[in-house]
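Novice: I'd like to go over a predicted model; first the sequence, then the structure.
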Amino acid sequence: MTQSFYVSPEQLMKDRADFARKGIARGRSVVVLGYDGGIAFATENPSRALHKVSEIYDRIAFAAVGKYNEFENLRVAGVRYADMRGYSYDRIDVTARGLANAYAQTLGAVFTTESKPLEVELAVTEVGVTQEQDQIYRLSYDGSVTDEPGRVVMGGDAERLGALVEAAWRPGLTLEEAMQLAVRTLGTAEDGAVREIVPTALEAAVLDRTRTRRAFRRLDGDDLAALLAAGG
Amino acid sequence: MSLESGGRLPAAFTTPGSASFTEFLASYAPDLLPGRRHDLVGSESLAHVSPHATTIVALTYADGIIMAGDRRATMGNQIAHRQMEKVFPADDFSAIGIAGTAGLAVELVRLFQLELEHFEKIEGSRLSLEGKANRLATMVRSNLSLAIQGLAAVPLFGGFDQQREIGRIFSYDVVGGRYEEQDHHSVGSGSVFARGSLKKLWSHGLDAEEAVQVALHALVDAADEDSATGGPDAIRGIYPIVARVDAQGYESISQDDLARHTEAIAARRHASPERGGAS
């Protein structure tokens, strides 16, 4: 029997983290921004069928970057979790916090016990009655969760784009301002040049707190063009 | 649910496959399915032990369908509820009405609504109207063993077919048989009388206002002859639940409109009072 070399736990975890980070960095970023009427999502994605942003439940949405098959699997699990819980108890008992916990446990367990970590980063968001009550949870490949105050950027250039959002975002933005900020952020290159992104190359959606039951709504090309043109 | 311990999502949740919530439930938590939850023995009828919901009518009109249900639930010869709702939105473009054992029927509706929403979320598109109707047939069939013991729940389903751009109505029997109905249909204890009324009052190309009136007329006639069907109750302000489904989607007719229609119907019947109460 061949004896495998000793690898310290630190090294093992570091290797896995590097592997997952590399996979995630290859994908395009997703920007999630709170605005006065809800939470807005935007990412560069020309596909109309393979979504990175999706509805989970009445007030809850899901955004992801990384490997499609892996986050799609988690999305379906999330919808099942939410529907199951809502059916067993009541619709009001389905919360983003509960779902974020279930995802965190899943990601963490895969990271430490399985041969390969999931190469995904998720955002689980829930829109509240007011902007202060909105919740955005960011989940990492290793199962760590952070409660993000009102905005988050995930994916390839998350740190650089996150800094841009950090500088410009404030509570109480209108949807037009939020969407313009999101698209400008996505189009900003490393040298600061801003590239124009046509609405058809974008995937965008909102959790609109003014809608009565299901708050999630996708924004199509026309909606987006109108939002991006508004107010210059 | 093992999730209560805060553990990772069980394997059933991450297994790729069906977009059906009922199928997921059947594999993960079959106890929660309405049809399988009860382990009843004996062959005597259990019909008297739970409230029954009664008459539902549905009819097509120029732009879609109207579905209406009275508000009474009975248990034997007693009135169990006066304000029961028996017509629900199944999703944005369809309505479901229920007759039979109230508890099971309401559960069936809840599961059916969830089934449609679940499919829509997982697949990113809605089921066709035909697909929804077939799905409902499967769900009714799963209740067969209870139906045989007298606990039948029979839905009436209708909606706007977005592919063919017309309103369509489907009825069911307890074994899950699915039948597409032309023009109009009614289910429940007062349905015989409601159908007679619909036959005389329905015509091609009704507009929405007229169609709501026809539906209310039919329910009034059913309530007149069937003790288990409740008529409009102006004193308490309890009117039938009436829904309209057209290209714009599902919409409940408001209380004010129903009050207005009910008054018009009462006035019309009052104007020609026949001695035998035939009007």
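Specialist: Good, I have the coordinates. Residues are numbered from 1 along each chain as shown, chains lettered A, B, ... in the order given.

Novice: residues from chain A in reach of chain B?
Specialist: A:49, A:51, A:54-56, A:73-74, A:76-77, A:79-81, A:83-88, A:101-103, A:105-106, A:108-110 (C-beta under 8 Å from any C-beta of the partner chain). In short, each C-beta sits where N, CA and C put it, glycine included.

Novice: just the buried members of these?
Specialist: A:51, A:54-56, A:73-74, A:76-77, A:79-81, A:83-87, A:101-103, A:105-106, A:108, A:110 (16 or more other C-beta atoms under 10 Å in any protein chain shown).

Novice: In strands only, show me the residues you listed.
Specialist: Mapping these onto strands (DSSP state E) picks out A:54-56.

Novice: Which one of these is nearest to chain B?
Specialist: Checking those against chain B by C-beta to the nearest C-beta gives residue A:55 as the nearest, at 5.5 Å.

Novice: which residues sit in contact with the residue nearest to that closest one when sequence neighbours are not counted?
Specialist: Spatial nearest neighbour of residue A:55, chain neighbours left out: residue A:216 (3.7 Å); criterion: C-beta to C-beta, 6 or more residues apart in numbering or on different chains. For residue A:216, the contacting residues are A:54-55, A:61, A:205-208, by C-beta atoms under 8 Å, 6 or more residues apart in numbering or on different chains.

Novice: Please state the offset of the longest helix along chain A from the chain centre?
Specialist: Longest helix in chain A by number of residues, with DSSP state H as the criterion: helix A:68-88. Relative to its parent chain, helix A:68-88 has a centroid offset of 15 Å by C-alpha atoms, centre = their mean, to the nearest Å.

Novice: average pLDDT for the helix or strand where residue A:228 lies?
Specialist: According to DSSP states H and E, residue A:228 maps onto helix A:221-229. For helix A:221-229, the mean per-residue pLDDT is 91.

Novice: ok, residue B:10 to chain A distance?
Specialist: 9 Å (C-beta to the nearest C-beta, to the nearest Å).

Novice: where does the stretch 151-279 of chain B dip in pLDDT?
Specialist: The model of the stretch 151-279 of chain B has pLDDT under 70 over residues B:275-279.

Novice: which SS class is the residue of it found nearest chain A?
Specialist: Of all residues in the stretch 151-279 of chain B, the one sitting closest to chain A is residue B:250 (12.0 Å; C-beta to the nearest C-beta). Following DSSP: H, G, I helix; E, B strand; the rest coil, we place residue B:250 in the strand state.

Novice: Please, which helix or strand holds the closest residue to it other than its chain neighbours?
Specialist: Leaving aside its sequence neighbours, residue B:250 sits nearest to residue B:89 (C-beta to C-beta, 6+ apart; 4.3 Å). Per DSSP H and E, residue B:89 falls inside strand B:87-91.

Novice: returning to what we had before: OK, contacts around the residue of the stretch 151-279 of chain B closest to chain A?
Specialist: B:89, B:91-95, B:243-244.

Novice: If we only consider those residues, which is nearest to residue A:16?
Specialist: residue B:91 (42.8 Å; C-beta to C-beta).
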